[in-house]
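**Q** turn this into a structure:
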Amino acid sequence: MTKYLNKTVEYLQDKGFKNPEIGIILGTGLGQLTDEVEIIQEVSYNHIPHFPTATVEFHKGKLIYGTLEDKTVIIMQGRFHLYEGYTLQDVTYPVRVMEKLGIKTLLVSNASGAINLNYKKGELMLIDDHINLQGSSPLAFKGVEVLGERFVDMSAPYDLEINTKFKAIAKVNTITLHEGVYASVVGPQLETRAEYRMLKIIGADAVGMSTVPEIIVANHLNLKVAAVSVLTDECNPDELKPVDIQEIIAMAKKAEPDMITLFKELIKTI
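**A** Predicted structure coming up:
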C-alpha cells in the first residue's frame, strides 16, 4: 500500500494539491459545500492512480482542492462504501492519501436514519461515539504497523475540542444539533423492523453505511476528526414505511445548509 500511496500523492502534488490543512468527506446528497469553495484544482477519481471510483449515481466522484474561509482544504465529493464491492482498505484509502498530502484535521458528513425517535428527519446529529457493525476493521491487514500503531486506542475517537466548537456554533446559529451514537452497517439494503429494534437496544441513535471506517483510519493516523450526520428519515419499527432513496436525497439537500454553516464556522477557528 505504501508504494501505491506514494504514487497517488505524487500525482496529486503534480496537479497542484499542495499542503492542504483540512480534509472533508461529503456524504450522500451533501455536495453543496463545494459551492462555497474557491476551487484551485479538481480531479475525477477515475483519473487518480490507485484511487477507487465512485459507483453510486448520486456520488459525483471528484477530489477538490481549494480554499474555504482562508484555509486550504481538500474535499471528497463522493465517498466509497463496502456495499459497492470495495474492501475496507479501499474505502479508507483516500483518508491515507489526504494525510500524506498534509491534512491535520478531517471533517466527515453522512446521511443517516434516526433510531432515536426524539430526533427528527431534517435535523443534524453530532457523532459522539460509534458502533462498528461492518464485520471487520480497515486496520485488519498484514503490514498495517508500517502505516501506524496497529492497536489504535478508540476511547475517544471524535475530537472533543472540535465537538465542543460545533455545539457552540449550533447554539449561536439556532441549529438543532443532537449528539449521539452512530451505528455503521454494510448495506445497501435498508434495515428490517427487527434490526431497528436491535440497534436501539445496543445504544445507537442513528444508523448509516459509512463513516466509521474513515474515523478508525483517521485515528490510526493521529488526525483530529469529527463527523456530523444529516438525519434523512425516522426509523420507527412500529410505523415503518417503504423508503424512497430519492426522498432521502431530497431531505439531505434540505438539511444541508445547516451542515454547511457548521463546517464553515468551524473552519474559521482552525
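**Q** what about residue 247, neighbour count?
**A** Close neighbours of residue 247, defined as other C-beta atoms under 10 Å, add up to 12. No exception for glycine: its C-beta is placed from N, CA and C like everyone else's.
**Q** check residue 30 too.
**A** Residue 30: 28 neighbours (other C-beta under 10 Å).
**Q** hmm, it is touching residue 256, no?
**A** Yes - using C-beta atoms under 8 Å, residue 30 is in contact with residue 256, at 5.5 Å.
**Q** helices of the stretch 101-250 of the chain, start to end?
**A** Assigned by DSSP state H, counting those that start in this stretch, the stretch 101-250 of the chain shows helices spanning 160-172, 193-201, 212-220, 245-269.
**Q** okay, buried residues for stretch 113-132 please.
**A** 113-116, 119, 121-132 (16 or more other C-beta atoms under 10 Å).
**Q** got the phi/psi numbers for residue 44?
**A** Per-residue torsions, residue 44: phi -70, psi 140 (degrees, to the nearest 10).
**Q** for it, which residues are in contact?
**A** By C-beta atoms under 8 Å, 6 or more residues apart in numbering, the contact set of residue 44 is 61-63.
**Q** against residue 29, how distant is it?
**A** 19 Å (C-beta to C-beta, to the nearest Å).
**Q** one step back: of the contacts of residue 44, which is the most crowded?
**A** Those, ranked by neighbours (other C-beta under 10 Å): first place residue 63, 24 neighbours.
**Q** tell me the SS of it?
**A** Assigned with DSSP: H, G, I helix; E, B strand; the rest coil, residue 63 falls in the strand class.
**Q** cool, residue 76 as well?
**A** Residue 76 - assigned by three-state DSSP - is strand.
**Q** which residues of the stretch 101-250 of the chain fall in strands?
**A** 105-114, 124-132, 177-184, 206-208, 224-234 (DSSP state E, counting those that start in this stretch).
**Q** how about those strands in TSV, adding distance to residue 16 and mean pLDDT?
**A** As requested, these are exported to TSV (distance: least, C-beta to C-beta, whole Å; pLDDT from 0 to 100):
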stretch	distance to residue 16	mean pLDDT
strand 105-114	21	96
strand 124-132	32	98
strand 177-184	33	98
strand 206-208	33	98
strand 224-234	25	96
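**Q** for residue 185, grab phi and psi.
**A** According to degrees, to the nearest 10, residue 185 has phi -110, psi 170.
**Q** pretty sure it contacts residue 133?
**A** Yes - at 4.9 Å, residue 185 counts as touching residue 133 under the criterion of C-beta under 8 Å.
**Q** shared neighbours, residue 30 and residue 256?
**A** residue 230.
**Q** what about residue 83, neighbour count?
**A** Residue 83, neighbours per other C-beta under 10 Å, totals 16.
**Q** list the contacts of it.
**A** 186-188, 209.
**Q** returning to what we had before: of the contacts of residue 44, which is the nearest to residue 226?
**A** The closest of the contacts of residue 44 to residue 226 turns out to be residue 63 (C-beta to C-beta; 20.4 Å).
**Q** next up, the contacts around the closest one.
**A** 12, 17, 42-45, 48, 51, 74-77, 94.
**Q** redo that, cut-off 10 Å
**A** 12, 15, 17, 41-45, 47-48, 51, 74-78, 94, 97-98, 101 (C-beta atoms under 10 Å, 6 or more residues apart in numbering).
**Q** could you flag which of these are buried?
**A** 12, 15, 17, 42-43, 45, 48, 51, 74-78, 94, 97-98, 101.
**Q** residue 82 touches residue 208, doesn't it?
**A** No - look at residue 82 against residue 208 with C-beta atoms under 10 Å: they stay out of range, at 11.8 Å.
**Q** the closest residue to residue 177 other than its chain neighbours: neighbour count?
**A** Nearest residue to residue 177, sequence neighbours excluded (C-beta to C-beta, 6 or more residues apart in numbering): residue 170, at 3.7 Å. Look at residue 170: counted by other C-beta under 10 Å, it has 21 neighbours.
**Q** ok, residue 170 touching residue 263?
**A** No - assessed by C-beta under 10 Å, residue 170 is found out of contact with residue 263, at 11.7 Å.
**Q** thinking again about what came up before, tell me which of the helices of the stretch 101-250 of the chain lies nearest to residue 2.
**A** So among these, helix 212-220 is nearest, using C-beta to C-beta, at 14.1 Å.
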